[in-house]
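**Q** Mind folding the following:
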Amino acid sequence: MKQKPLDTLNNDEFKLAADQLPILVWMCDRDNSYCFFNSAWLTFTGRKANQPGDAWAESVKPEDMRHSLDSYQAAIEARAAFQRIYRLKRHDGKYCWIAEQCQPRYHADGTFAGYAGYGVNVGELLEDPRLESNISGVESALRESNLNEELAATNEELSAANEELMATNEELQLAQGNLNQLNRELENIVALRTKALTESQDKIAALNEELTAANEELSATNEELITANEELESSRDEILKREKLFKSIAVNIPKSVIVVVGKDQRFLAVEGDLIEKMGFNAKEYIGKHPSEVVPPERYKASKPLYDRVLAGEQFSVDRKGENGEYYRVELVPLRDEANEVYAALILALDITDIKQAEEKSAKLAAIVTSSDDAIVSKTLDGIVTSWNASAERIFGYTEKEMIGQPILKVIPEDRYNEEPRILEQLRKGHRVDHFETKRKTKDGRILDISLTISPIRDSDGNIIGASKIARDISEQKHDEQRKNDFISMVSHELKTPLTSLTAIVQLLHAKLGNSSNGLIAGPLKNANKQVKKMADMINGFLNISRLEAGKMPMVKTEFVLNDLIKEAVEETELTGGDNTIHFHEKEQITVNADKNKIGSVILNLLSNAVKYSPKDSIIDVECQIIDGKAQVSVKDRGIGINSIDTKKLFDRFYRVESEETRHISGFGIGLYLSAEIVMQHQGHIWVESKLGKGSVFYFTLPLS
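**A** Next up is the predicted model:
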């Protein structure tokens, strides 16, 4: 193979060959910048291939730098080959003598491309220190020495490497030709395949278009199906909601049964809390015809009703059950959007309570209508809402004149303050019993009236008004007034001879009371006792007359209540009998009251305790301050009073009638007077008692 000259080698070929050589090889560009160092050079210096082009200068010993550069500069100006020797730093830091031969490089067009250099380590040959001072002589000697022979041998090796590279290059060129042929064939194959693929893609595109159209149609169909499903699901949900609503309504309508029958009269739904009571069985009935599940006679009675409602008629009927209960049956036709009847709704309600209430209301209405008493209802604002015939007869106003009018229309002006107090009691739910007052008629007459007033409540228990029963007691009052006048007159007439009789008895008692003759002293003592009892009785009647006539004034003064009780206890013990009275004095209490009248109250309570207690029993009297008021109590261990009598005990002329009280005298005026006196002092009087255990009477007075 013919050797290719060095100056015609391209850079890549040169570099590939240079890396195979054991000598140091380098290459520079035309601008003197080093662009290549072979592997041997990099290994020798310990440098890296990617270091900058001035790496050669950094490794040259500074003393040799000027000579090397001068040699290079002179050669490059002449574009000539040159030789030089210098010291180059080895990888271990030691400087070694390098002998280089440098040749110019040219491009294919003949233009200058730079230099390529070849170096050999001649360190052992030039270790003589004398050479350092005469490098030029050394270079001249080298031209004639064995160095040229070594360089020649190196050139021969490089030439052999070039020949191998050329052979490799020819093989590469042949392979390149084969590769080009293969590329052309591949291009033809690709072209054919591309054409086939293009045609296939056109077919696929057409198919895709058809598929896309089909998909669009399918998508539209799916959307329609989804919409239909949504509508179906919505309808299904709506039906379920309606079914739940129907069941909820049916179950929560009290005392009812709801039945839905289809056009063929078959049961579609049966719900309600009266299913079992009315003989229905929901599970067995659904889907069945009435003739299949109910007794024949029952279906026979119901069939005309089914026929009527399924024919479009809406109506109701009342039925009475076997056990006396009442039912109202509502039959309603169910229509579709076309107004056609497709089913019937049958609602049965237990109206037994309503029927009973109607009967009760009818009875009450009859009572109200026929009553001799005025029966009136009003709101909590005092507006009249009902007015019966007796009210019209007593007060003179017709129902039309009073409905919607204030009740003040029949109340005298001086008693207007009564109405707010009555309404306040009603708002609290309290009943007002036998309240005696006066009312005015249409023609201006004033009547004595006894009122009983009760609150009216709605179904939730809220007070919404008042019911008032008014009884005209004018004639009764006149009779009582005449009786009181008679009692007062008789009492006065009796008091005069009784006063004389009392004086005579007291005089005789003073003269003969200590007589040793028992037939004289005993009767005188008893006569004195009876005279006093008669005087108390007459005074009681007089006090009742004065009280009811409003002529019993209260003369109030301050006094010690304890002292008044002691006086009453002493007087009772003097005339009372064999009972022992204990006064439990806890604290001294002063009150402002009518001393004489409060004294009569205490005497009356002590007298009753003695009267209704067994002999030798103990009577306890207490006086103490409780809740800011003076409270007096009288406790006996007598026969006691039942709960019915305790409610009426303080009524005028009321006496407890029993086997134990028949032999005890009295007119029932003492407790009545005592209660009136205490109430006129803004106090309160009451009794606590148990039969066979005794009684405790209490009354309170305001403190001074």
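**Q** Where do the helices of the stretch 251-400 of the chain begin and end?
**A** For the stretch 251-400 of the chain, the helices defined by DSSP state H, counting those that start in this stretch cover 282-285, 290-293, 296-310, 352-370, 389-395, 399-402.
**Q** Next, format those as a markdown table and append distance to His107.
**A** No exception for glycine: its C-beta is placed from N, CA and C like everyone else's. Shown next, in a markdown table, are those (distance: least, Cβ to Cβ, whole Å):
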| stretch | distance to His107 |
| --- | --- |
| helix 282-285 | 111 |
| helix 290-293 | 118 |
| helix 296-310 | 116 |
| helix 352-370 | 127 |
| helix 389-395 | 144 |
| helix 399-402 | 139 |
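**Q** Could you identify which of those helices is most buried?
**A** Across the helices of the stretch 251-400 of the chain, the average number of neighbours (mean count of other Cβ atoms under 10 Å) peaks for helix 389-395, which reaches a mean of 19.
**Q** Give me the helices and strands touching that helix, please.
**A** Counting contacts by 3 or more Cβ pairs under 8 Å, 6 or more residues apart in numbering; DSSP states H and E, helix 389-395 packs against strand 374-379, helix 399-402, strand 463-472.
**Q** chain center to that helix, what's the gap?
**A** In terms of Cα atoms, centre = their mean, to the nearest Å, the centre of helix 389-395 is found 55 Å from the chain centre.
**Q** rewinding a little: what's the closest of the helices and strands packed on helix 389-395 to Tyr416?
**A** strand 374-379 (15.0 Å; Cβ to Cβ).
**Q** distance between stretch 40-47 and the chain's centre?
**A** In this view, stretch 40-47 has its centroid 90 Å away from the chain centroid, taken as Cα atoms, centre = their mean.
**Q** who touches that stretch?
**A** 21-26, 37, 48-49, 55, 59, 88-92, 96, 119, 121 (Cβ atoms under 8 Å, 6 or more residues apart in numbering).
**Q** run the last query once more with 10 Å
**A** 18-26, 37-38, 48-49, 51, 55-56, 58-59, 88-93, 96, 98, 117, 119, 121 (Cβ atoms under 10 Å, 6 or more residues apart in numbering).
**Q** domains for this protein, by residue range?
**A** Following automatic domain parsing, the chain resolves into domains at 6-169, 253-354, 371-472, 478-545, 553-702.
**Q** closest one to Glu187 among these?
**A** Proximity to Glu187 (Cβ to Cβ) singles out domain 6-169 among these, at 25.9 Å.
**Q** Just the strands from the stretch 501-650 of the chain, written as ranges.
**A** Secondary structure of the stretch 501-650 of the chain (DSSP state E, counting those that start in this stretch): strands at 557-560, 580-585, 590-593, 618-626, 629-635.
**Q** Most tightly packed of the ones you listed?
**A** Counting by mean count of other Cβ under 10 Å, strand 629-635 has the highest mean neighbour count of these, with a mean of 21.
**Q** OK, contacts around Arg471?
**A** With Cβ under 10 Å, 6+ apart, Arg471 has these contacts: 371-374, 390, 394, 434, 436, 447-452.
**Q** Columns pLDDT and distance to Val621 on top of those residues, output as CSV?
**A** Conversion of those to CSV gives the following (pLDDT from 0 to 100; distance: Cβ to Cβ, whole Å):
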residue, pLDDT, distance to Val621
Ser371, 76, 48
Asp372, 79, 47
Asp373, 88, 44
Ala374, 88, 47
Ser390, 90, 50
Ile394, 91, 48
His434, 81, 32
Glu436, 87, 33
Leu447, 90, 44
Asp448, 90, 39
Ile449, 88, 41
Ser450, 89, 37
Leu451, 88, 38
Thr452, 89, 37
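**Q** Just the buried residues out of those, in ChimeraX syntax.
**A** Those of the contacts of Arg471 that count as buried under 16 or more other Cβ atoms under 10 Å are selected in ChimeraX with:
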select :373,374,390,394,447,448,449,450,451
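**Q** Can you list which of the contacts of Arg471 are found in strands?
**A** Ala374, His434, Glu436, Leu447, Asp448, Ile449, Ser450, Leu451, Thr452 (DSSP state E).
**Q** just to revisit the earlier point, switch the strands of the stretch 501-650 of the chain over to TSV; also include mean pLDDT and distance to Thr198.
**A** Shown next, in TSV, are the strands of the stretch 501-650 of the chain (pLDDT from 0 to 100; distance: least, Cβ to Cβ, whole Å):
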stretch	mean pLDDT	distance to Thr198
strand 557-560	94	134
strand 580-585	91	132
strand 590-593	94	130
strand 618-626	94	120
strand 629-635	95	121
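**Q** Export those strands as CSV, with columns for distance to Glu337.
**A** Below are the strands of the stretch 501-650 of the chain laid out as CSV (distance: least, Cβ to Cβ, whole Å):
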stretch, distance to Glu337
strand 557-560, 93
strand 580-585, 92
strand 590-593, 88
strand 618-626, 80
strand 629-635, 80
